[in-house]
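In: Sequence first, then the predicted structure:
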Amino acid sequence: METLYRKYRPKTFSEIVNQEHVKKIFINSLENNFISHAYIFAGPRGTGKTTVARILAKSLNCENRKGVEPCNQCSACVSIDKGNFMDVYEIDAASNRGIDEIRKIREAVGYHTAQGKYKVYIIDEVHMLTKEAFNALLKTLEEPPKNVVFILATTNPEKIPPTIISRCQVIDFKNIELDKIIERLKYVSEKEGFKITDEALTEIAKRANGGLRDALTILEQVVRYSEGEIVIDTIQDALGLVSIDVIKTLLNSIKKGDIQKVLNIIEEIYFSGKDIELFLNQSLDFIVTKIELNEYDYIDFLKPISTILKDIKYSEEKLLLTKLGLIELTRKFLNEKTMNNSENKKTKSENFESQNQLSLKNVGEPFMKFSPNLSDSTETNNKNVIDELMEELKIKGDLSLYIGLSFAKIVETNRDIVITFPPDKKIQSEIVKSKLDHLEKLYLNKAGIKKEFIVKIENENEDAILTKLKTLFGNNFTIEE
Ligand SMILES: Nc1ncnc2c1ncn2[C@@H]1O[C@H](COP(=O)(O)OP(=O)(O)OP(=O)(O)O)[C@@H](O)[C@H]1O
Ligand SMILES: [Mg+2]
Ligand SMILES: [Zn+2]
(Lines give C-alpha, C1' and ligand atoms only; values in the text may rest on other atoms or scores of the structure.)
(Ligands and ions follow the chains in the order given, each with its own letter.)
Protein backbone atom coordinates (compact mmCIF):
# COMPACT_ATOMS: atom_id res chain seq x y z
CA MET A 1 0.00 0.00 0.00
CA GLU A 2 1.26 3.43 -0.90
CA THR A 3 1.88 5.44 2.24
CA LEU A 4 -0.72 8.09 2.95
CA TYR A 5 1.67 10.97 2.85
CA ARG A 6 2.88 9.99 -0.63
CA LYS A 7 -0.62 9.39 -1.89
CA TYR A 8 -1.72 12.81 -0.67
CA ARG A 9 1.24 14.82 -1.89
CA PRO A 10 -0.33 17.95 -3.43
CA LYS A 11 0.07 18.25 -7.20
CA THR A 12 -0.90 21.89 -7.55
CA PHE A 13 -0.08 25.08 -5.66
CA SER A 14 -3.70 25.49 -4.66
CA GLU A 15 -3.64 22.14 -2.92
CA ILE A 16 -0.74 23.14 -0.65
CA VAL A 17 -1.96 23.60 2.90
CA ASN A 18 -0.98 26.83 4.67
CA GLN A 19 2.26 28.43 3.37
CA GLU A 20 0.12 31.19 1.83
CA HIS A 21 3.12 33.48 1.31
CA VAL A 22 4.96 30.73 -0.57
CA LYS A 23 2.04 30.18 -2.90
CA LYS A 24 1.70 33.92 -3.48
CA ILE A 25 5.35 34.28 -4.46
CA PHE A 26 5.18 31.52 -7.04
CA ILE A 27 1.80 32.44 -8.43
CA ASN A 28 3.10 35.97 -8.96
CA SER A 29 6.40 35.02 -10.47
CA LEU A 30 4.93 32.38 -12.76
CA GLU A 31 2.24 34.78 -13.94
CA ASN A 32 4.85 37.41 -14.70
CA ASN A 33 7.39 34.95 -15.97
CA PHE A 34 9.92 36.17 -13.48
CA ILE A 35 11.69 33.16 -12.07
CA SER A 36 14.81 33.43 -9.93
CA HIS A 37 17.66 31.14 -10.85
CA ALA A 38 18.13 29.97 -7.28
CA TYR A 39 15.85 29.52 -4.31
CA ILE A 40 16.45 28.38 -0.77
CA PHE A 41 13.47 26.58 0.70
CA ALA A 42 14.02 26.79 4.44
CA GLY A 43 11.79 25.31 7.08
CA PRO A 44 10.82 22.42 9.32
CA ARG A 45 10.42 18.80 8.23
CA GLY A 46 7.35 17.77 6.33
CA THR A 47 5.93 21.21 5.66
CA GLY A 48 5.96 21.13 1.86
CA LYS A 49 9.44 22.04 0.60
CA THR A 50 9.98 19.08 -1.72
CA THR A 51 6.33 19.15 -2.72
CA VAL A 52 6.45 22.81 -3.81
CA ALA A 53 9.78 22.22 -5.56
CA ARG A 54 8.22 19.46 -7.68
CA ILE A 55 5.12 21.51 -8.47
CA LEU A 56 7.36 24.38 -9.59
CA ALA A 57 9.46 22.01 -11.71
CA LYS A 58 6.26 20.76 -13.36
CA SER A 59 4.85 24.25 -13.91
CA LEU A 60 8.08 25.27 -15.61
CA ASN A 61 8.10 22.27 -17.92
CA CYS A 62 4.41 21.51 -18.41
CA GLU A 63 3.20 21.30 -21.99
CA ASN A 64 -0.33 22.49 -21.16
CA ARG A 65 0.06 24.76 -18.20
CA LYS A 66 -3.23 26.07 -16.88
CA GLY A 67 -2.49 29.52 -15.57
CA VAL A 68 0.27 28.87 -13.09
CA GLU A 69 -0.68 25.30 -12.27
CA PRO A 70 0.82 22.25 -13.98
CA CYS A 71 -1.67 20.08 -15.89
CA ASN A 72 -0.35 16.91 -14.20
CA GLN A 73 -1.26 14.95 -17.32
CA CYS A 74 1.21 15.78 -20.05
CA SER A 75 4.26 13.58 -20.46
CA ALA A 76 6.52 16.14 -18.74
CA CYS A 77 4.27 16.34 -15.67
CA VAL A 78 3.83 12.58 -15.49
CA SER A 79 7.50 11.80 -15.75
CA ILE A 80 8.48 14.49 -13.24
CA ASP A 81 6.05 12.86 -10.81
CA LYS A 82 7.63 9.49 -11.52
CA GLY A 83 11.09 10.93 -11.05
CA ASN A 84 12.38 10.05 -14.52
CA PHE A 85 12.27 13.38 -16.30
CA MET A 86 15.69 14.09 -17.78
CA ASP A 87 15.80 17.77 -16.85
CA VAL A 88 14.68 17.60 -13.25
CA TYR A 89 17.33 16.33 -10.87
CA GLU A 90 16.75 15.56 -7.21
CA ILE A 91 19.90 15.20 -5.19
CA ASP A 92 20.10 14.33 -1.54
CA ALA A 93 23.00 16.26 -0.08
CA ALA A 94 22.86 14.18 3.08
CA SER A 95 24.21 11.19 1.15
CA ASN A 96 26.08 13.10 -1.58
CA ARG A 97 27.98 15.63 0.44
CA GLY A 98 31.11 15.89 -1.64
CA ILE A 99 32.51 18.02 -4.38
CA ASP A 100 32.21 15.36 -7.11
CA GLU A 101 28.46 15.51 -7.14
CA ILE A 102 28.45 19.30 -7.45
CA ARG A 103 31.14 19.18 -10.15
CA LYS A 104 28.90 16.90 -12.18
CA ILE A 105 26.13 19.44 -11.87
CA ARG A 106 28.50 22.23 -12.86
CA GLU A 107 29.47 20.40 -16.00
CA ALA A 108 25.93 19.41 -16.95
CA VAL A 109 24.36 22.74 -16.16
CA GLY A 110 25.70 24.44 -19.28
CA TYR A 111 24.13 22.00 -21.74
CA HIS A 112 20.74 22.46 -23.29
CA THR A 113 17.73 20.88 -21.73
CA ALA A 114 17.17 17.33 -22.90
CA GLN A 115 13.42 17.11 -22.76
CA GLY A 116 11.91 20.22 -21.28
CA LYS A 117 12.13 23.96 -21.09
CA TYR A 118 13.87 24.30 -17.76
CA LYS A 119 16.49 22.30 -15.95
CA VAL A 120 15.58 22.13 -12.31
CA TYR A 121 18.04 20.98 -9.66
CA ILE A 122 16.48 20.17 -6.30
CA ILE A 123 19.17 19.72 -3.67
CA ASP A 124 17.71 18.36 -0.45
CA GLU A 125 19.30 18.96 2.97
CA VAL A 126 21.73 21.28 1.24
CA HIS A 127 23.32 22.32 4.55
CA MET A 128 25.04 18.91 4.62
CA LEU A 129 27.39 19.79 1.73
CA THR A 130 31.09 20.05 2.51
CA LYS A 131 32.90 23.38 2.30
CA GLU A 132 34.46 22.45 -1.04
CA ALA A 133 31.11 21.41 -2.44
CA PHE A 134 29.59 24.72 -1.35
CA ASN A 135 32.41 26.57 -3.09
CA ALA A 136 31.78 24.66 -6.30
CA LEU A 137 28.07 25.37 -6.00
CA LEU A 138 28.79 29.05 -5.43
CA LYS A 139 30.68 29.24 -8.74
CA THR A 140 27.65 27.85 -10.53
CA LEU A 141 25.34 30.31 -8.81
CA GLU A 142 27.67 33.18 -9.70
CA GLU A 143 27.32 32.53 -13.44
CA PRO A 144 23.83 31.19 -13.71
CA PRO A 145 23.11 29.63 -17.09
CA LYS A 146 19.79 30.40 -18.71
CA ASN A 147 16.75 28.29 -17.99
CA VAL A 148 18.26 26.60 -14.98
CA VAL A 149 16.61 26.79 -11.58
CA PHE A 150 18.24 25.65 -8.37
CA ILE A 151 16.10 24.81 -5.38
CA LEU A 152 18.14 24.30 -2.24
CA ALA A 153 15.97 22.77 0.46
CA THR A 154 17.05 22.72 4.08
CA THR A 155 15.83 22.28 7.62
CA ASN A 156 18.95 24.13 8.91
CA PRO A 157 19.36 27.35 6.92
CA GLU A 158 21.77 28.76 9.50
CA LYS A 159 24.33 26.21 8.30
CA ILE A 160 24.39 27.54 4.75
CA PRO A 161 27.26 29.93 4.00
CA PRO A 162 26.15 33.56 3.64
CA THR A 163 27.82 33.75 0.23
CA ILE A 164 25.34 31.14 -1.03
CA ILE A 165 22.37 32.70 0.70
CA SER A 166 23.03 36.11 -0.80
CA ARG A 167 22.72 34.63 -4.29
CA CYS A 168 19.39 32.96 -3.66
CA GLN A 169 15.85 34.03 -3.02
CA VAL A 170 15.08 32.66 0.43
CA ILE A 171 11.61 31.23 0.92
CA ASP A 172 10.61 30.38 4.46
CA PHE A 173 8.29 27.45 5.08
CA LYS A 174 6.45 27.60 8.38
CA ASN A 175 5.09 25.01 10.73
CA ILE A 176 1.55 24.26 9.68
CA GLU A 177 -1.21 25.60 11.93
CA LEU A 178 -3.06 23.09 14.05
CA ASP A 179 -6.45 23.90 12.49
CA LYS A 180 -5.07 23.40 9.02
CA ILE A 181 -3.55 20.06 9.96
CA ILE A 182 -6.86 18.92 11.42
CA GLU A 183 -8.66 20.03 8.26
CA ARG A 184 -6.26 18.10 6.04
CA LEU A 185 -6.47 14.98 8.22
CA LYS A 186 -10.24 15.20 8.00
CA TYR A 187 -10.10 15.50 4.23
CA VAL A 188 -7.81 12.48 3.90
CA SER A 189 -9.92 10.45 6.34
CA GLU A 190 -13.08 11.17 4.38
CA LYS A 191 -11.44 10.23 1.09
CA GLU A 192 -10.13 7.01 2.59
CA GLY A 193 -13.35 6.20 4.43
CA PHE A 194 -11.77 6.16 7.89
CA LYS A 195 -14.16 6.49 10.80
CA ILE A 196 -12.53 8.81 13.27
CA THR A 197 -13.82 11.34 15.78
CA ASP A 198 -12.87 15.03 15.68
CA GLU A 199 -11.32 14.71 19.10
CA ALA A 200 -9.09 11.90 17.82
CA LEU A 201 -8.05 13.94 14.78
CA THR A 202 -7.15 16.85 17.04
CA GLU A 203 -5.02 14.56 19.18
CA ILE A 204 -3.14 13.32 16.10
CA ALA A 205 -2.65 16.84 14.80
CA LYS A 206 -1.22 17.98 18.12
CA ARG A 207 1.28 15.14 18.12
CA ALA A 208 2.52 16.13 14.65
CA ASN A 209 4.25 19.29 15.91
CA GLY A 210 3.42 21.38 12.87
CA GLY A 211 4.45 18.87 10.20
CA LEU A 212 1.94 17.41 7.78
CA ARG A 213 4.02 14.40 6.90
CA ASP A 214 4.18 13.40 10.54
CA ALA A 215 0.44 13.99 10.92
CA LEU A 216 -0.36 11.65 8.02
CA THR A 217 2.13 9.06 9.24
CA ILE A 218 0.55 9.01 12.69
CA LEU A 219 -2.93 8.75 11.15
CA GLU A 220 -1.78 5.77 9.13
CA GLN A 221 -0.19 4.10 12.15
CA VAL A 222 -3.39 4.52 14.16
CA VAL A 223 -5.63 3.23 11.37
CA ARG A 224 -3.50 0.14 10.88
CA TYR A 225 -3.61 -0.60 14.56
CA SER A 226 -7.32 -0.31 15.11
CA GLU A 227 -10.63 -1.79 14.10
CA GLY A 228 -13.87 0.16 14.06
CA GLU A 229 -14.23 3.81 14.87
CA ILE A 230 -11.11 5.59 16.04
CA VAL A 231 -11.56 7.50 19.28
CA ILE A 232 -9.04 9.21 21.48
CA ASP A 233 -8.32 6.03 23.49
CA THR A 234 -7.49 4.15 20.31
CA ILE A 235 -4.83 6.73 19.60
CA GLN A 236 -3.34 6.43 23.03
CA ASP A 237 -3.12 2.65 22.67
CA ALA A 238 -1.80 2.75 19.13
CA LEU A 239 0.91 5.25 19.97
CA GLY A 240 1.92 3.69 23.28
CA LEU A 241 0.67 6.65 25.29
CA VAL A 242 -0.50 6.35 28.87
CA SER A 243 -3.91 7.52 29.98
CA ILE A 244 -4.31 11.03 31.32
CA ASP A 245 -5.44 9.60 34.67
CA VAL A 246 -2.05 8.00 35.18
CA ILE A 247 -0.34 11.30 34.49
CA LYS A 248 -2.58 13.09 36.95
CA THR A 249 -1.97 10.46 39.63
CA LEU A 250 1.76 10.76 39.12
CA LEU A 251 1.80 14.54 39.38
CA ASN A 252 -0.41 14.51 42.45
CA SER A 253 1.75 11.88 44.13
CA ILE A 254 4.78 14.07 43.54
CA LYS A 255 2.94 16.99 45.12
CA LYS A 256 2.00 14.89 48.11
CA GLY A 257 5.59 13.75 48.51
CA ASP A 258 4.66 10.10 48.06
CA ILE A 259 7.94 8.76 46.71
CA GLN A 260 6.88 5.12 46.79
CA LYS A 261 3.82 5.76 44.66
CA VAL A 262 5.83 7.83 42.18
CA LEU A 263 8.33 4.98 41.74
CA ASN A 264 5.55 2.43 41.36
CA ILE A 265 3.89 4.41 38.60
CA ILE A 266 7.12 4.90 36.68
CA GLU A 267 8.02 1.22 36.92
CA GLU A 268 4.58 0.16 35.84
CA ILE A 269 4.79 2.36 32.75
CA TYR A 270 8.28 1.18 31.93
CA PHE A 271 7.66 -2.53 32.41
CA SER A 272 4.45 -2.43 30.42
CA GLY A 273 6.70 -1.69 27.48
CA LYS A 274 5.91 2.00 27.12
CA ASP A 275 8.49 4.56 26.17
CA ILE A 276 9.60 6.74 29.08
CA GLU A 277 10.53 9.71 26.91
CA LEU A 278 7.19 9.61 25.19
CA PHE A 279 5.52 9.47 28.58
CA LEU A 280 7.42 12.47 29.91
CA ASN A 281 6.62 14.38 26.74
CA GLN A 282 3.00 13.48 27.14
CA SER A 283 3.09 14.75 30.72
CA LEU A 284 4.54 18.04 29.50
CA ASP A 285 1.79 18.32 26.89
CA PHE A 286 -0.76 17.73 29.61
CA ILE A 287 0.73 20.46 31.81
CA VAL A 288 0.90 22.92 28.93
CA THR A 289 -2.70 22.21 27.94
CA LYS A 290 -3.74 22.88 31.53
CA ILE A 291 -1.87 26.17 31.60
CA GLU A 292 -3.53 27.16 28.35
CA LEU A 293 -6.84 26.63 30.11
CA ASN A 294 -5.67 28.95 32.89
CA GLU A 295 -5.14 26.10 35.34
CA TYR A 296 -1.81 26.48 37.02
CA ASP A 297 -1.79 23.50 39.42
CA TYR A 298 1.13 21.85 37.69
CA ILE A 299 3.12 24.76 36.33
CA ASP A 300 6.02 24.07 38.70
CA PHE A 301 6.52 20.68 37.07
CA LEU A 302 7.19 22.07 33.64
CA LYS A 303 10.84 22.96 33.99
CA PRO A 304 11.98 19.98 36.11
CA ILE A 305 10.28 17.41 33.89
CA SER A 306 11.68 19.00 30.79
CA THR A 307 15.12 18.87 32.46
CA ILE A 308 14.71 15.15 33.10
CA LEU A 309 13.80 14.69 29.44
CA LYS A 310 16.98 16.46 28.38
CA ASP A 311 19.03 14.34 30.79
CA ILE A 312 17.75 11.01 29.56
CA LYS A 313 17.73 11.81 25.87
CA TYR A 314 21.03 10.21 24.96
CA SER A 315 21.37 8.00 27.97
CA GLU A 316 20.84 4.29 28.17
CA GLU A 317 19.76 4.52 31.79
CA LYS A 318 16.45 6.16 31.05
CA LEU A 319 14.51 4.42 33.80
CA LEU A 320 17.11 5.10 36.47
CA LEU A 321 17.60 8.75 35.54
CA THR A 322 13.86 9.34 35.40
CA LYS A 323 13.42 7.80 38.82
CA LEU A 324 16.22 9.89 40.29
CA GLY A 325 14.87 13.06 38.74
CA LEU A 326 11.37 12.42 40.00
CA ILE A 327 12.59 11.46 43.47
CA GLU A 328 14.41 14.75 43.71
CA LEU A 329 11.34 16.59 42.58
CA THR A 330 9.12 14.75 45.05
CA ARG A 331 11.57 15.44 47.84
CA LYS A 332 11.52 19.07 46.96
CA PHE A 333 7.78 19.14 47.52
CA LEU A 334 8.18 17.15 50.70
CA ASN A 335 10.78 19.64 51.82
CA GLU A 336 8.51 22.59 51.10
CA LYS A 337 5.78 20.96 53.11
CA THR A 338 8.11 20.37 56.02
CA MET A 339 9.34 23.95 55.87
CA ASN A 340 5.80 25.30 55.85
CA ASN A 341 4.95 23.15 58.81
CA SER A 342 8.13 24.21 60.50
CA GLU A 343 7.32 27.87 60.07
CA ASN A 344 3.82 27.42 61.46
CA LYS A 345 5.05 25.50 64.38
CA LYS A 346 7.91 27.82 65.13
CA THR A 347 5.50 30.60 65.95
CA LYS A 348 3.73 28.31 68.34
CA SER A 349 6.66 26.72 70.04
CA GLU A 350 10.40 26.87 69.71
CA ASN A 351 10.62 23.28 70.80
CA PHE A 352 9.52 21.93 67.46
CA GLU A 353 12.41 23.53 65.69
CA SER A 354 15.06 20.94 66.42
CA GLN A 355 12.65 18.20 65.49
CA ASN A 356 12.10 19.67 62.09
CA GLN A 357 15.77 20.19 61.45
CA LEU A 358 16.20 16.54 62.18
CA SER A 359 13.62 15.56 59.65
CA LEU A 360 15.26 17.79 57.06
CA LYS A 361 18.54 16.02 57.60
CA ASN A 362 16.90 12.65 57.19
CA VAL A 363 15.63 13.50 53.76
CA GLY A 364 19.24 13.74 52.69
CA GLU A 365 21.41 16.14 50.81
CA PRO A 366 20.44 15.79 47.15
CA PHE A 367 17.16 17.62 47.47
CA MET A 368 18.86 20.60 49.01
CA LYS A 369 20.71 21.13 45.77
CA PHE A 370 17.66 20.64 43.66
CA SER A 371 15.48 23.51 42.74
CA PRO A 372 13.15 23.01 39.81
CA ASN A 373 12.96 26.66 38.93
CA LEU A 374 16.66 27.14 38.62
CA SER A 375 18.04 26.64 35.19
CA ASP A 376 21.23 24.62 35.46
CA SER A 377 22.59 25.68 32.15
CA THR A 378 23.74 29.26 32.31
CA GLU A 379 27.47 29.60 32.03
CA THR A 380 28.24 33.06 33.32
CA ASN A 381 27.54 34.33 36.79
CA ASN A 382 24.43 36.10 35.60
CA LYS A 383 22.65 32.84 36.33
CA ASN A 384 20.21 34.58 38.57
CA VAL A 385 19.03 37.09 36.02
CA ILE A 386 17.69 34.39 33.76
CA ASP A 387 16.19 32.52 36.68
CA GLU A 388 14.57 35.63 38.06
CA LEU A 389 13.27 36.42 34.63
CA MET A 390 11.75 32.97 34.33
CA GLU A 391 10.19 33.27 37.75
CA GLU A 392 8.64 36.62 36.83
CA LEU A 393 7.34 35.33 33.54
CA LYS A 394 5.75 32.44 35.36
CA ILE A 395 4.05 34.48 38.02
CA LYS A 396 2.92 37.58 36.23
CA GLY A 397 4.42 37.63 32.79
CA ASP A 398 3.94 36.10 29.41
CA LEU A 399 3.10 32.45 30.07
CA SER A 400 3.60 31.29 26.51
CA LEU A 401 7.11 32.67 26.68
CA TYR A 402 7.66 30.93 29.99
CA ILE A 403 6.41 27.63 28.60
CA GLY A 404 8.51 27.99 25.49
CA LEU A 405 11.67 28.73 27.45
CA SER A 406 11.04 25.83 29.80
CA PHE A 407 11.78 23.42 26.97
CA ALA A 408 15.08 25.01 26.05
CA LYS A 409 18.63 24.87 27.19
CA ILE A 410 19.76 28.40 27.94
CA VAL A 411 23.44 29.21 27.78
CA GLU A 412 24.61 32.69 28.61
CA THR A 413 27.96 34.07 27.57
CA ASN A 414 29.36 37.54 28.02
CA ARG A 415 28.03 38.64 24.68
CA ASP A 416 24.86 36.73 24.05
CA ILE A 417 22.30 34.27 25.29
CA VAL A 418 21.80 31.15 23.26
CA ILE A 419 18.49 29.34 23.63
CA THR A 420 18.65 25.84 22.18
CA PHE A 421 15.59 23.68 21.58
CA PRO A 422 15.48 19.95 20.98
CA PRO A 423 14.47 19.06 17.39
CA ASP A 424 10.95 18.06 18.39
CA LYS A 425 10.21 21.39 20.06
CA LYS A 426 10.15 23.56 16.95
CA ILE A 427 6.81 25.12 17.77
CA GLN A 428 8.06 26.26 21.17
CA SER A 429 11.14 27.69 19.46
CA GLU A 430 8.92 29.64 17.05
CA ILE A 431 6.96 31.07 19.97
CA VAL A 432 10.12 32.20 21.72
CA LYS A 433 11.53 33.57 18.46
CA SER A 434 8.44 35.68 17.92
CA LYS A 435 8.91 37.22 21.36
CA LEU A 436 12.64 37.84 21.34
CA ASP A 437 12.28 41.63 21.36
CA HIS A 438 10.20 41.45 24.47
CA LEU A 439 12.65 39.06 26.09
CA GLU A 440 15.63 41.26 25.26
CA LYS A 441 13.88 44.24 26.84
CA LEU A 442 13.03 42.28 29.97
CA TYR A 443 16.63 41.19 30.24
CA LEU A 444 17.91 44.72 29.71
CA ASN A 445 15.65 46.01 32.47
CA LYS A 446 16.77 43.33 34.88
CA ALA A 447 20.45 43.01 34.15
CA GLY A 448 21.09 46.58 33.06
CA ILE A 449 23.01 45.34 30.02
CA LYS A 450 21.90 44.51 26.52
CA LYS A 451 22.60 41.08 25.15
CA GLU A 452 21.68 39.41 21.93
CA PHE A 453 19.33 36.44 22.19
CA ILE A 454 19.85 33.64 19.71
CA VAL A 455 17.36 30.82 19.16
CA LYS A 456 18.65 27.51 17.80
CA ILE A 457 17.40 24.03 17.13
CA GLU A 458 19.77 21.36 18.29
CA ASN A 459 21.00 18.96 15.65
CA GLU A 460 20.07 15.48 16.74
CA ASN A 461 22.90 13.43 15.29
CA GLU A 462 25.65 15.87 15.95
CA ASP A 463 24.71 16.35 19.55
CA ALA A 464 24.47 12.65 20.26
CA ILE A 465 28.03 12.25 19.06
CA LEU A 466 29.21 15.36 20.87
CA THR A 467 27.67 14.17 24.10
CA LYS A 468 29.41 10.82 23.70
CA LEU A 469 32.74 12.51 22.99
CA LYS A 470 32.34 14.73 25.99
CA THR A 471 31.71 11.78 28.26
CA LEU A 472 34.89 10.18 26.92
CA PHE A 473 37.23 13.16 26.76
CA GLY A 474 35.61 15.87 28.81
CA ASN A 475 35.72 19.18 26.98
CA ASN A 476 39.32 18.74 25.90
CA PHE A 477 38.96 18.26 22.20
CA THR A 478 38.40 20.35 19.15
CA ILE A 479 36.29 19.51 16.15
CA GLU A 480 37.61 20.09 12.66
CA GLU A 481 35.53 20.01 9.51
N1 LIG B 1 1.97 22.33 3.04
C2 LIG B 1 1.54 21.08 2.78
N3 LIG B 1 0.33 20.88 2.22
C4 LIG B 1 -0.14 19.64 1.97
N5 LIG B 1 0.56 18.52 2.26
C6 LIG B 1 1.77 18.64 2.82
C7 LIG B 1 2.33 19.93 3.10
N8 LIG B 1 3.53 19.76 3.66
C9 LIG B 1 3.72 18.44 3.73
N10 LIG B 1 2.68 17.76 3.24
C11 LIG B 1 2.52 16.29 3.22
O12 LIG B 1 3.75 15.74 3.72
C13 LIG B 1 4.45 15.04 2.71
C14 LIG B 1 5.91 15.42 2.76
O15 LIG B 1 6.07 16.77 2.40
P16 LIG B 1 7.42 17.30 1.76
O17 LIG B 1 8.21 16.16 1.21
O18 LIG B 1 7.07 18.40 0.84
O19 LIG B 1 8.12 17.85 3.05
P20 LIG B 1 9.51 18.61 3.18
O21 LIG B 1 9.22 19.98 3.67
O22 LIG B 1 10.28 18.48 1.91
O23 LIG B 1 10.18 17.79 4.35
P24 LIG B 1 11.73 17.35 4.59
O25 LIG B 1 12.41 18.54 5.18
O26 LIG B 1 11.63 16.24 5.57
O27 LIG B 1 12.28 16.95 3.26
C28 LIG B 1 3.77 15.39 1.41
O29 LIG B 1 3.79 14.28 0.55
C30 LIG B 1 2.35 15.72 1.84
O31 LIG B 1 1.59 14.54 1.95
MG1 LIG C 1 11.95 17.35 1.39
ZN1 LIG D 1 1.68 19.14 -17.70
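Out: Happy to help now that I have it. Ligands and ions are numbered 1, 2, ... in the order given.

In: residues from the stretch 201-350 of the chain in reach of ligand 1?
Out: Taking CB under 6 Å from any ligand atom as the measure of proximity, the stretch 201-350 of the chain contacts ligand 1 at 212-213, 216. Any C-beta I mention is one placed from the backbone N, CA and C, and that applies to glycine too.

In: Just the buried residues out of these, in PyMOL syntax.
Out: The following PyMOL command selects only the buried members of those, with burial defined by 16 or more other CB atoms under 10 Å:
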select buried, resi 212+213+216
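
In: helices or strands up against the top helix by length along the chain?
Out: Across the chain, the helix with the greatest residue count (assigned by DSSP state H) is helix 318-348. Packing contacts for helix 318-348, counted by 3 or more CB pairs under 8 Å, 6 or more residues apart in numbering; DSSP states H and E, involve helix 244-256, helix 259-271, helix 276-292, helix 302-312, helix 352-363, helix 366-369.

In: Next, the angle helix 302-312 makes with the longest one.
Out: So the one you mean is helix 276-292. With axes from the mean of the first three to the mean of the last three CA atoms, to 10 degrees as the basis, helix 276-292 and helix 302-312 are set at 160 degrees to each other.

In: Name the residues that touch helix 276-292?
Out: For helix 276-292, the surrounding residues in contact (CB atoms under 8 Å, 6 or more residues apart in numbering) are 206, 239-242, 244, 247-248, 250-251, 266, 269-270, 296-299, 301-302, 305-306, 308-309, 312-313, 318-319, 322, 399, 403, 407, 424.

In: residue boundaries of the helices in the stretch 1-150 of the chain?
Out: Listed in chain order, the helices of the stretch 1-150 of the chain (DSSP state H, counting those that start in this stretch) span 4-7, 20-31, 49-61, 75-82, 99-109, 131-142.

In: Can you tell me which of the ones you listed is most buried?
Out: Highest mean neighbour count among the helices of the stretch 1-150 of the chain (mean count of other CB atoms under 10 Å): helix 49-61, with a mean of 24.

In: close to ligand 2, is that helix?
Out: Yes: for helix 49-61 and ligand 2, the contact criterion (CB under 5 Å from the ion) is met by 49-50.

In: who does that helix touch, helix- and strand-wise?
Out: Contact analysis of helix 49-61 by 3+ CB pairs under 8 Å, 6+ apart lists helix 20-31, strand 38-42, helix 75-82, strand 88-92, strand 119-124, strand 148-154 as its packing neighbours.

In: roughly how far out does the fifth one sit from the chain middle?
Out: Using CA atoms, centre = their mean, to the nearest Å, we find the averaged C-alpha position of strand 119-124 to lie 26 Å away from the chain's own average C-alpha position.

In: what do you get for the first one?
Out: When distances are taken as CA atoms, centre = their mean, helix 20-31 is centred 27 Å away from the chain's centroid.

In: which residues touch it?
Out: With CB under 8 Å, 6+ apart as the test, helix 20-31 has contacts from 13-14, 16, 34-36, 48, 52, 56, 59, 67-68, 171-173.

In: Show me which of those residues are buried.
Out: Among the contacts of helix 20-31, those buried by neighbour count (16+ other CB under 10 Å) are 13, 16, 35, 48, 52, 56, 59, 68, 171, 173.

In: Columns pLDDT and distance to residue 119 on top of those residues, output as JSON lines?
Out: Formatted as JSON lines, these follow (pLDDT from 0 to 100; distance: CB to CB, whole Å):
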{"residue": "13", "pLDDT": "97", "distance to residue 119": "21"}
{"residue": "16", "pLDDT": "98", "distance to residue 119": "23"}
{"residue": "35", "pLDDT": "93", "distance to residue 119": "12"}
{"residue": "48", "pLDDT": "97", "distance to residue 119": "22"}
{"residue": "52", "pLDDT": "98", "distance to residue 119": "18"}
{"residue": "56", "pLDDT": "98", "distance to residue 119": "13"}
{"residue": "59", "pLDDT": "97", "distance to residue 119": "14"}
{"residue": "68", "pLDDT": "96", "distance to residue 119": "20"}
{"residue": "171", "pLDDT": "97", "distance to residue 119": "19"}
{"residue": "173", "pLDDT": "96", "distance to residue 119": "23"}
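
In: Now flag whichever of these is closest to ligand 3.
Out: Using CB to the ion, residue 59 comes nearest to ligand 3 of the buried ones among the contacts of helix 20-31, at 8.4 Å.

In: separation between the closest residue to the closest one other than its chain neighbours and residue 284?
Out: Spatially, and ignoring its direct neighbours in sequence, residue 59 is nearest to residue 70 (4.8 Å; CB to CB, 6 or more residues apart in numbering). Look at residue 70 and residue 284: by CB to CB, to the nearest Å, they are 42 Å apart.

In: residues in contact with the residue in the stretch 201-350 of the chain positioned nearest to ligand 3?
Out: Distances between the stretch 201-350 of the chain and ligand 3 by CB to the ion are smallest at residue 212, namely 24.2 Å. Residue 212 makes contact with 5, 17, 46-48, 176, 181, 184 under the criterion CB under 8 Å, 6+ apart.

In: For ligand 1, tell me which of these show up nearby.
Out: Counting by CB under 6 Å from any ligand atom, the subset of the contacts of residue 212 that neighbours ligand 1 consists of 5, 17, 46-48, 176.

In: Redo those residues as JSON lines? Include distance to ligand 2.
Out: As requested, the ones next to ligand 1 among the contacts of residue 212 are arranged in JSON lines below (distance: CB to the ion, whole Å):
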{"residue": "5", "distance to ligand 2": "11"}
{"residue": "17", "distance to ligand 2": "15"}
{"residue": "46", "distance to ligand 2": "8"}
{"residue": "47", "distance to ligand 2": "9"}
{"residue": "48", "distance to ligand 2": "9"}
{"residue": "176", "distance to ligand 2": "14"}
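
In: Just the closest of those residues to residue 457, please.
Out: Of all the ones next to ligand 1 among the contacts of residue 212, the one sitting nearest residue 457 is residue 47; the distance, using CB to CB, is 13.8 Å.

In: Leaving out the residues flanking it, which one is nearest to the closest one?
Out: Counting by CB to CB, 6+ apart, residue 173 is the residue found nearest to residue 47 once chain neighbours are left out, at 4.6 Å.

In: The residue of the stretch 351-481 of the chain found nearest ligand 3 and ligand 1: what is the separation?
Out: Of the residues in the stretch 351-481 of the chain, the one nearest ligand 3 is residue 426, at a distance of 34.5 Å by CB to the ion. Here the criterion is CB to the nearest ligand atom, to the nearest Å. By it, residue 426 lies 12 Å from ligand 1.

In: what sits against that residue?
Out: With CB under 8 Å, 6+ apart as the criterion, the residues that contact residue 426 are 44, 175, 209-210, 457.
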